[in-house]
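> please find the sequence and the predicted model below.
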Amino acid sequence: MLFKLNFIKNKQLKRLLEHSSYLTIIFVLVPAFLYFEICIVLPTVVQEWTIPYYLHYICATFLLMNILGNMIFGMFTDTSIRGKHLDSENKDDWTMCAVCECLRPPRAWHCDTCDICILKRDHHCTFFACCVGYYNHRYFMCFTFYIFIAMFYSFYYNIFFLSKFLKWNRGLIIGKFVFPLAAFVIDFGEESIYVFLVEINFIVGVFTGFLFLYHFNNLIKGKVTPERKSCSKEISYNKGLKLNLIEVFGSKWYFTWISPFINSPLPGNGIEWVVENKCQ
């Protein structure tokens with residue numbers, strides 16, 4: 001998490017303020033960035049009202065639908081133990097949560113921010129305002145993937161746009177790239193705003209690209225983040241590449257990348273797990 005309010009002791013207030021800060025950034029930056037790309041950059045690099053122009057509009061709509069759609073589904077898909085019937089024939093690997101005061105299944109961990117145990121908890125996602133777990137892992141993966149694609153796609157055309165728009169101005173443009181925020185004070189104008197947006201474009205693209213690759217690497221190995229950090233090497237939930245993909249994306253794993261609205265049932269319930277003990 002990039003921004004924390006550790007001085008606030010009330011968990012609910014802290015959670016509200018932290019998530020509000022991030023969601024405000026999203027709902028301010030996304031419309032601003034979309035306007036910049038569609039209304040300013042696109043008419044500069046592609047002739048208006050031509051077939052390529054409409055194709056770019058279709059691509060932008062597809063990317064925006066997947067980014068916002070996966071974000072909304074990820075936020076409102078409950079992956080906690082709340083309301084779940086926690087029952088299993090074998091409870092040897094179950095642990096006691098002192099906070100929830102109940103037995104929890106393997107791969108379930110307690111989240112201090114959500115204040116409840118999460119099934120197959122990977123991490124707490126600030127942008128989802130909830131944890132990424134068994135039932136919404138799919139949406140997190142698609143969310144980061146499509147943000148990365150959108151940033152890479154737009155950055156390619158932003159380079160052409162800047163090459164036509166920017167002026168050398170005795171090297172001042174280099175200073176604007178190195179110190180974009182200071183440029184607002186020294187030389188506030190369209191050029192400074194454009195440089196700032198393109199730099200945000202690049203930073204978000206690199207960050208989400210790394211985030212997706214990190215979690216996808218865990219996914220294909222049948223792991224979640226806590227298991228990568230601390231789980232015993234003798235215990236493995238790895239079922240092989242295809243079954244690991246199905247465990248996250250469901251039976252229609254090859255279609256879920258197209259749209260968050262595609263129903264793809266998961267093979268399990270986040271409670272029962274087949275464990276491979278490498279020592280046996």
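Yes, it's here. Residues are numbered from 1 along each chain as shown.
> poorly predicted segments of this protein, please.
In the predicted model of the chain, residues 1-15, 18, 21, 166-189, 230-234, 276-280 satisfy pLDDT under 70.
> the strands in it, which residues?
95-97, 102-104, 109-111, 116-118, 123-125, 130-132, 235-236, 276-277 (DSSP state E).
> out of these, which is closest to residue 37?
strand 123-125 (24.9 Å; CB to CB). In short, each C-beta sits where N, CA and C put it, glycine included.
> just checking, what packs against the closest one?
strand 130-132 (3 or more CB pairs under 8 Å, 6 or more residues apart in numbering; DSSP states H and E).
> got a list of contacts for the strand it packs on?
With CB atoms under 8 Å, 6 or more residues apart in numbering as the test, strand 130-132 has contacts from 74-75, 79-80, 111, 113-114, 118, 121-125, 136, 140.
> in its sheet, what does that strand sit against?
Here strand 130-132 has these sheet partners by DSSP bridges: strand 123-125 (antiparallel).
> one step back: next, format the strands of the chain as a markdown table and append distance to residue 35 and mean neighbour count.
Listed next are the strands of the chain as a markdown table, based on distance: least, CB to CB, whole Å; neighbours: other CB atoms under 10 Å:
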| stretch | distance to residue 35 | mean neighbour count |
| --- | --- | --- |
| strand 95-97 | 46 | 13 |
| strand 102-104 | 46 | 16 |
| strand 109-111 | 36 | 19 |
| strand 116-118 | 36 | 23 |
| strand 123-125 | 26 | 19 |
| strand 130-132 | 29 | 25 |
| strand 235-236 | 48 | 16 |
| strand 276-277 | 51 | 10 |
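> want to throw those strands into JSON lines with distance to residue 151?
Converted to JSON lines, those look like this (distance: least, CB to CB, whole Å):
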{"stretch": "strand 95-97", "distance to residue 151": "38"}
{"stretch": "strand 102-104", "distance to residue 151": "37"}
{"stretch": "strand 109-111", "distance to residue 151": "28"}
{"stretch": "strand 116-118", "distance to residue 151": "28"}
{"stretch": "strand 123-125", "distance to residue 151": "18"}
{"stretch": "strand 130-132", "distance to residue 151": "20"}
{"stretch": "strand 235-236", "distance to residue 151": "34"}
{"stretch": "strand 276-277", "distance to residue 151": "38"}
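> please name whichever of those strands is nearest to residue 42.
Comparing these by CB to CB, strand 123-125 comes nearest, at 30.7 Å.
> contacts for the closest one, please.
1, 74, 111, 113-114, 130-132, 140, 225.
> cool, stretch 72-81 as well?
Contacts of stretch 72-81 (CB under 8 Å, 6+ apart): 100, 102, 104, 108, 114, 116-121, 125, 128-137, 139-140, 143, 260, 270.
> ok, now stretch 235-247?
107, 219-223, 227, 253, 266-268, 273-278.
> out of these, which end up buried?
107, 219, 222-223, 227, 253, 266, 273 (16 or more other CB atoms under 10 Å).
> looking at the strands of the chain, spot the one closest to residue 68.
The nearest among those, by CB to CB, is strand 123-125 at 15.0 Å.
> quick one: distance of that closest one to the chain centre.
9 Å (CA atoms, centre = their mean, to the nearest Å).
> now do stretch 109-116
19 Å.
> kindly check the end-to-end length of that stretch for me.
One end of stretch 109-116 to the other measures 8 Å (CA to CA, to the nearest Å).
> what's it in contact with?
11, 14-15, 80-82, 97, 99-100, 104, 117-118, 121, 124, 130-131, 226.
> burial count for residue 254?
11 (other CB atoms under 10 Å).
> now it: phi and psi?
The phi and psi values for residue 254, taken as degrees, to the nearest 10, are phi -80, psi -10.
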